[in-house]
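# Okay, structure incoming, though there's no sequence with it:
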């Protein structure tokens, strides 16, 4: 049996978890298409509305209604398979339905300070730390922007963030913050510079992007126009929805699924109508409202059902899936975080999610913590071994080895043991030692070990430099778009 890459879950032989029966799946899909046809979506861009009207959609003011046939034929134009390329080709990620990849989650406005353990506003320097640590962790396959570069000017902040990530990681970057045409054009210019030109970026998109709907059923004009900028450049342009049951979505789980599916399909249908064949994906981070606090209630059983059902809907619609996975409601890397993220990771695995976002967030996606990212990577490593299943080759069945040892013996010194033992999962951060050793070490918890590992990786990991002259070119691009935005 060939082990999967350390950054990938092998999905081929995982027993599926499908909370929607075929009839339920058809009911949700049909209801979503009814919503798009009867209620429609608000589209903030007059240009996009005019182009959709010319393509056959019904437009009334800002409201755009699309028939089931319109939506289905448009969505069918999206490619099912493509590659998320990376600055280092060894880090390329095929989206082929057979692998699942973990990302850093993103754009938290606050960081749990790694030295003081105090929550504070995040800065560009913090994004450097997050990016370098994500590059060093082999389980992290691609990068969202873990924290905001809060000290950069807001209109061009995404360009400062992308500049940091291109310089401090070899891996694929998925840009979640460039949601205006200006920011999208700047991001494409930077990606082209690093990739080697327009044709090189189109052939190997080292950057992908997504736009987020405003639930319920609204798309900002800038966001859609930004998606078209990306699509025109050959940069994958996905859609991610984040409705909240009882607040920006119905209270019933089925209602949340209908609205979530309608929003994603609406965005994809708009993109594919105006940019046929554009690479895109189906993203969902649907959740619920905590009825005691009126805050987002990340980590509950509804979230787990949403993860699985939305991954199921993505596959039914022939689209790669990006599923909100690790985003515990805990305030730090504690028992609650371990339980919620462990269950969430398992459900995303069993649901066949291809992109799992994302490691490192606590406090319901408001705060980023480096130690939590390290622990989430540990969970992913455990899931990777689980996904590999049990090989039953003649050598794995070990009949000869059992016969050689015989009754009452042991396998410690057997050649068969030496040949296979390193394939067993070994934790980096969880304690399996003696009680006495644990006591003598000061009763360390996994969080303490995670902090030690984070510090060690940050101290030792080296990211290959950009080619000579490239940092200055990226700075020139950022400066040009800063001037275009009217920022001194």
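On my side now, so go ahead. Keep in mind that what you see is a predicted model, and the values were worked out from it rather than measured.
# Tell me the strands beside the particular helix or strand that has residue 209 in it, with direction?
Using DSSP states H and E, residue 209 sits within strand 207-212. Partners of strand 207-212 in the sheet, by DSSP bridges, are strand 172-175 (parallel), strand 237-241 (parallel).
# Can you give the distance from it to the centre of its chain?
Relative to the chain's own centre, strand 207-212 is displaced by 11 Å; criterion: CA atoms, centre = their mean, to the nearest Å.
# Can you tell me the element the spatially most central residue of the chain falls in?
With distances taken as CA atoms, centre = their mean, residue 357 lies nearest the centre of the chain, 3.1 Å away. Taking DSSP H and E as the criterion, the element that holds residue 357 is strand 355-359.
# quick one: average pLDDT of that strand?
Strand 355-359 shows a mean pLDDT of 92.
# Residue 482 contacts residue 154, doesn't it?
No: using CB atoms under 8 Å, residue 482 makes no contact with residue 154, being 11.4 Å away. C-beta here means a position set from N, CA and C on the backbone, and glycine is covered the same way.
# all helices of the stretch 1-150 of the chain, in order?
For the stretch 1-150 of the chain, the helices defined by DSSP state H, counting those that start in this stretch cover 22-34, 46-55, 68-75, 124-136.
# wait, I meant the stretch 151-300 of the chain
With DSSP H, counting those that start in this stretch, the ranges of helices along the stretch 151-300 of the chain come out as 157-168, 181-195, 198-203, 221-232, 253-274.
# got the contact list for residue 204?
By CB atoms under 8 Å, 6 or more residues apart in numbering, the contact list for residue 204 reads 83, 85, 89, 92, 195.
# Report how many residues lie close to the third one.
Neighbouring residues of residue 89 were enumerated by other CB atoms under 10 Å; the total is 11.
# and the gap between it and residue 447?
Computed as CB to CB, to the nearest Å, the residue 89 to residue 447 distance reads 35 Å.
# Retrieve the pLDDT associated with the residue nearest to residue 135 when sequence neighbours are not counted.
Of all residues not flanking residue 135 in the chain, residue 169 sits nearest, at 4.1 Å (CB to CB, 6 or more residues apart in numbering). At residue 169, the model reports a pLDDT of 98.
# Go ahead and confirm residue 169 touches residue 134.
Yes: the criterion here is CB under 8 Å, and residue 169 meets it with residue 134 at 6.6 Å.
# Identify the contacts common to those two.
In contact with both residue 169 and residue 134: residue 143, using CB under 8 Å, 6+ apart.
# still on that earlier bit, name the next helix or strand downstream of the strand holding residue 357, please.
From strand 355-359 onward toward the C-terminus, using DSSP H and E, the following helix or strand is strand 361-362.
# Relative to that next one, what are the paired strands and their orientations?
Using DSSP bridges, the strands paired with strand 361-362 in its sheet are strand 367-368 (antiparallel).
# Tell me how many other residues surround residue 152.
Residues near residue 152, counting by other CB under 10 Å, number 20.
# Now it: closest residue in space, sequence neighbours ignored.
Spatial nearest neighbour of residue 152, chain neighbours left out: residue 160 (3.9 Å); criterion: CB to CB, 6+ apart.
# Kindly report the same for residue 367.
Sequence neighbours aside, residue 110 is the residue nearest to residue 367 in space, at 4.7 Å (criterion: CB to CB, 6+ apart).
# Next, the angle from the strand holding residue 209 to helix 221-232.
Orientation of strand 207-212 against helix 221-232 (axes from the mean of the first three to the mean of the last three CA atoms, to 10 degrees) gives an angle of 150 degrees.
# Great, nothing more from me.
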